[in-house]
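K.L.:
sequence first, then the predicted structure:
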Amino acid sequence: MTLIAILIGIVIDRFYQALPALRQYRHFHAYVAWMRERLRAEPWNGALGLLILLLPPLLLVALLQALLDDGLWSLLGLLFGIAVLVFTLGPRDLPQDVDDYCTVHEDEDDAARRVIARGFQAELPEDADTRACDEAVLRGVLVGAHDRWFAVIFWFALLGPLGAVLYRAVEQLARRPEANEFGITVQQLYGVLGWVPARLMVVAYALSGHFEQALQAWRAVPPDPGAMARHSEAVLQAAGEGALCAQKEECLETEPVSLIRSAMGLVWRALLVWLAVIAVMILAGWLS
């Protein structure tokens, strides 16, 4: 059921173009704002406050998951899993964003190029030049695929809908950081949840591209014990560029569109590697 849900979820995510408009998470952020107004004082402004904030939605998902897991409800459980996975992927359409950027790049539309590039890297300056936009998009493909697809799929395969909701909820909280103990706790949990899928994604990059270069680039990334999520992002970018075996500086000067499309192709191949591994693990579980 897990593999079927993942496959159907990916197909729906790829071909149902209205999904990005539906995956805004406005209700979740409104709920977070309401809870934070009531949980700002001690002892709630830390790990305990994060636990209390996440508990209601996670309990609801866990309850539905348990009720629909067996017997006559199993088909509804599959549909529930697909719906949760589709809603937690993204929230933007990565291949469509890449196609849009490459199109405006070839049209030499500077304003449109910057708008799309900021969808990959929100902090990109409004007056960013073409090279900066190209770098932001390349990084957004190699690193952003982790948050958009891979980490959600990993936790869905491990814990079902509960895992997908957990990761997306924490990721959304991490995207709106608070400069206090609560914000530090969110960033730490975000880094922990992303650590394993990021490393597995690096392995998939290596298997899908140039193996030695990807592993060498991975090993060359210096440790960053103070920021686990930032270190994972650096590892993903380095290993992805190594797997492409591209002279990044030269390619960004001469054929940036080709390099960005190659990066998207690498992500697709890495996803196929993941699906194959998940299928083998599920099959092994059935046979044991």
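P.N.:
Happy to help now that I have it. Small disclaimer: the values here were computed from a predicted structure and weren't measured.
K.L.:
from here on, contacts and neighbour counts on C-alpha atoms
P.N.:
Fine.
K.L.:
can you list phi and psi of V186 for me?
P.N.:
The phi/psi pair for V186 (degrees, to the nearest 10) reads phi -60, psi -50.
K.L.:
cool, and R219?
P.N.:
Geometry field for R219 lists phi and psi as phi -70, psi -20, criterion degrees, to the nearest 10.
K.L.:
how deep is it tucked in, by neighbour count?
P.N.:
Burial of R219 is recorded as 13 neighbouring residues (other CA atoms under 10 Å).
K.L.:
quick one: low-confidence parts of the chain?
P.N.:
71-73, 286-288 (pLDDT under 70).
K.L.:
give me the longest helix you can find in it.
P.N.:
The residue-count maximum for a helix in the chain (DSSP state H) belongs to helix 256-287.
K.L.:
give the buried residues for the helix or strand hosting A5.
P.N.:
Applying DSSP states H and E as the criterion places A5 in helix 2-15. When burial is assessed from 16 or more other CA atoms under 10 Å, helix 2-15 yields the following buried residues: 2-3, 5-6, 8-10, 12-13.
K.L.:
excluding its backbone neighbours, what's nearest V273?
P.N.:
A204 (6.1 Å; CA to CA, 6 or more residues apart in numbering).
K.L.:
please tell me how far that neighbour sits from A243.
P.N.:
Using CA to CA, to the nearest Å, one obtains 10 Å as the distance from A204 to A243.
K.L.:
hmm, back to that, residues of the longest helix of the chain that come out buried?
P.N.:
Buried residues in helix 256-287, counting neighbours by 16+ other CA under 10 Å, are found at 256-257, 259-261, 263-271, 273-275, 278.
K.L.:
show me the strands in this protein, by range?
P.N.:
Counting by DSSP state E, the chain yields no residue ranges for strands.
K.L.:
spatially central residue in it, please.
P.N.:
Using CA atoms, centre = their mean, the residue of the chain that lies closest to the mean C-alpha position is D147, 1.1 Å off.
K.L.:
dump the residue contacts of that one.
P.N.:
When the contact criterion is CA atoms under 8 Å, 6 or more residues apart in numbering, the partners of D147 are 90, 171.
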